[in-house]
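J.: here is a sequence together with a model predicted from it:
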Amino acid sequence: MEQQKLPNSTLILVFGILSILTCCCYGVVGLVLGIVTIVLANKAAKLYAENPEMYTGLQNVKTGKILAIIGISLSAIYLLFTLWAITTFGWDTMQDQELMQEKLQEMLGQ
């Protein structure tokens, strides 16, 4: 029997990479891509576990899942930082660079 590639193994790897690259999009895009990657990776790993001699590409799935976990972590940190900054300084302050510098100087006591 000829081995075939695991379904979505390349997509899982690409989404894992993109979850890291897009973590700075307010954290939302990276979180979504990371979660989708984890779900796809779990399905692919389960499929591989049922018939390991039938499929190849498990390494892409494992690598993509690890990258997705890193992407989810970075996205969550960035999202929490963004929410903290908005609640601390306000949305209007975040949009005005001069006002933001003034608020930071006040915060640092200069």
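T.: Looks like it came in fine. Note that this is a predicted model, so its numbers are computed, not measured. Residues are numbered from 1 along each chain as shown.

J.: now Val14: closest residue in space that isn't a chain neighbour?
T.: Gly64 (7.6 Å; CB to CB, 6 or more residues apart in numbering). C-beta here means a position set from N, CA and C on the backbone, and glycine is covered the same way.

J.: over to Leu74?
T.: Once flanking residues are discounted, Leu74 sits nearest to Cys23: 4.0 Å by CB to CB, 6+ apart.

J.: what about that neighbour, which SS state?
T.: Under the three-state scheme (DSSP: H, G, I helix; E, B strand; the rest coil), Cys23 adopts coil.

J.: what residues are up against it?
T.: Cys23 sits next to Val29, Gly30, Gly71, Leu74, Ser75, Tyr78 when contact means CB atoms under 8 Å, 6 or more residues apart in numbering.

J.: the same query, at a cut-off of 10 Å, please.
T.: Contact analysis of Cys23 by CB atoms under 10 Å, 6 or more residues apart in numbering lists 29-31, 33-34, 70-79.

J.: now do Leu58
T.: By CB under 10 Å, 6+ apart, the neighbours of Leu58 are Leu6, Ser9, Ala44, Ala45, Leu47, Tyr48, Ala49, Pro52.

J.: with just CA atoms, put stretch 48-60 into CSV.
T.: The C-alpha trace of stretch 48-60 is given here as CSV (Å, rounded to 0.1, in the frame of the first residue of the first chain):
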residue,chain,number,x,y,z
TYR,A,48,-2.2,9.1,12.0
ALA,A,49,-2.6,7.1,15.2
GLU,A,50,-5.3,5.0,13.7
ASN,A,51,-3.2,4.0,10.6
PRO,A,52,0.5,5.1,11.0
GLU,A,53,1.7,2.9,8.1
MET,A,54,-0.7,4.7,5.8
TYR,A,55,0.4,8.3,6.2
THR,A,56,3.4,10.5,6.1
GLY,A,57,3.9,14.1,7.2
LEU,A,58,3.5,13.7,11.0
GLN,A,59,6.6,15.9,11.5
ASN,A,60,4.9,18.9,9.8
